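Student: What follows is a predicted structure for the sequence shown.
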Amino acid sequence: MTEQKEFESLDELFKKSFDNLPATPASSGWDSPSEKVWQHVQKQIKPPQSGWSTQTLTLIAAFAVTVTVGLYLLLNRPETPETPAVQPPVATVEALGKPAQPVQEELASHQTNATETLVSPVKTVKKKTVEAPKTGMEKRTETKAAKQVAADSSLEQRPTVQKRKAPNSTLKLKAELAKRAEEAWKKPLTPLPQRRSNR
Amino acid sequence: MQQLNDQELVSGVLRGSPAHQTALYRQYSVPMFRVVLRFARDKAEAEDMLQDGFIRVFRDMAQFRGDGALGGWIRRIMVNTALSHLRKQRDFIRDTADFSPFESLFRTDEDFASNMDAETLMKYLQKLPPGYRAVFNLYAIDGFSHEEIAEQLGISIGTSKSQLFKAREYLKKMLDKSFIS
């Protein structure tokens, strides 16, 4: 009983001592916090920055520059030909443009009087587009001539690849050549002289 | 600086006004420091508690509904912050204390109490183990029941009672020695 009373008095002693402290802190400073506490609190409760931060502005500027440069490059890039890159159109055109001298020589070795038919390789090459029936002889000569022409042109005309014309002019040239070839085929061939018998 | 009332302080702090934040801190830092000093083992720990407590006050100011005094609301935050600091300590609650029973020489007369200043009592209180100190503070000074203390500290009611008993005995012993000397 006595102990309980003592305890209650003890509680009261502490409670009274702490509750009845004066409003102003003690001169010794035991009950006043140091100034660094407020400095730390201030750091933690910084108000949100108004407006745009430097980092945000930098990011926006970088994005804008990227978009501008991208659009500029996209809109001002040089026109590329529509034909696939696998086919070398220049070489074909160049080959078609030349009536291929070696083909003449080759044909001359087989036929004596066939100057008109010398044009045939070029014609037959173009004939593919018209899809006309071909003889076995024609096919062979076509293939050989085409190969020869392609080889020549690839060797001789290599530097000209760099100077190739714009795609529109190439198409025009192609069309013109095709037209010329068709016209040539329409001309009737002169009959060959009859062979003499070797008996 | 002229003291602002609670409403002005709260609205200013909610607007983010640095002047109002400073005013609130200046107005409540000393009384709240006295509160956390009771729970801390020294002044440095009390300053840590005060700092964390005020950060919570400013952060959670929007939750203050104004149905009570601002001082009471801040005090509750400070006590909770102090308790969470104590809970982090490894041996926060000790159920067994190894001090022997002693003959009570404690006097309860007014003269003795008036001679004991708050600073000395605070030092005695700070010498208590953290669990004793927390339970004694909450029960004897802040007026919580053992049920509330048990809930707040996550201990049983029996542990709360035993911690209070041991805290009182410990304080009595210290006061006795002080009185004799």
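Tutor: Cool, got the structure.
Student: How is chain B partitioned into domains?
Tutor: Domain assignment of chain B by automatic domain parsing yields the ranges B:6-87, B:110-180.
Student: Mind telling me which of these the model trusts least?
Tutor: Looking at these, the lowest mean pLDDT belongs to domain B:110-180 (a mean of 86).
Student: And chain A, is that one touching that?
Tutor: Yes - counting by C-beta under 8 Å from any C-beta of the partner chain, chain A is contacted by domain B:110-180 at B:113, B:116-119, B:121-122, B:125, B:136, B:139-141, B:168, B:171-172, B:175. Bear in mind the C-beta positions are built from the backbone N, C-alpha and C, glycine included.
Student: and what of stretch B:45-64?
Tutor: Yes - residues of stretch B:45-64 contacting chain A under C-beta under 8 Å from any C-beta: B:46-47, B:50-51, B:54-55, B:58-59.
Student: Out of those residues, who's the most crowded?
Tutor: B:Leu50 (30 neighbours; other C-beta atoms under 10 Å in any protein chain shown).
Student: Of the domains of chain B, which is nearest A:Ala178?
Tutor: Of all the domains of chain B, it is domain B:6-87 that lies closest to A:Ala178, at 80.5 Å by C-beta to C-beta.
Student: still on that earlier bit, same list (the domains of chain B) but as a markdown table, adding distance to B:Ile93.
Tutor: Shown next, in a markdown table, are these (distance: least, C-beta to C-beta, whole Å):
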| stretch | distance to B:Ile93 |
| --- | --- |
| domain B:6-87 | 9 |
| domain B:110-180 | 4 |
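Student: Out of those, which gets nearest to A:Gln4?
Tutor: The minimum distance between A:Gln4 and the domains of chain B falls on domain B:110-180, with 10.0 Å, by C-beta to C-beta.
Student: That closest one: how far from the chain's middle?
Tutor: Between the centre of domain B:110-180 and the centre of its host chain there is 11 Å, according to C-alpha atoms, centre = their mean, to the nearest Å.
Student: Go through chain B and flag its longest helix.
Tutor: As assigned by DSSP state H, the longest helix anywhere in chain B is helix B:157-180.
Student: Point out the other helices and strands that that one packs with.
Tutor: Helices and strands touching helix B:157-180, by 3 or more C-beta pairs under 8 Å, 6 or more residues apart in numbering or on different chains; DSSP states H and E, are helix A:2-19, helix B:118-127, helix B:130-136, helix B:146-153.
Student: what's near enough to touch A:Ala23?
Tutor: Applying C-beta atoms under 8 Å, 6 or more residues apart in numbering or on different chains, we find A:Ala23 in contact with B:Val30.
Student: That one in helix, strand or coil?
Tutor: coil (DSSP: H, G, I helix; E, B strand; the rest coil).
Student: What residues does chain A have near chain B?
Tutor: Taking C-beta under 8 Å from any C-beta as the contact definition, chain A meets chain B at A:3, A:5-7, A:9-11, A:13-19, A:21, A:23-26, A:28, A:30-34, A:36-38, A:40-42, A:44-45, A:47-48.
Student: Just the buried ones out of these, please.
Tutor: Among the residues of chain A next to chain B, those classed as buried by 16 or more other C-beta atoms under 10 Å in any protein chain shown are A:6-7, A:9-11, A:13-14, A:17-18, A:21, A:25, A:30-33, A:37-38, A:40-42, A:45.
Student: Keep only those of the residues of stretch B:45-64 next to chain A that are in helices.
Tutor: Going by DSSP H, the helices hold B:46-47, B:50-51, B:54-55, B:58-59 from the residues of stretch B:45-64 next to chain A.
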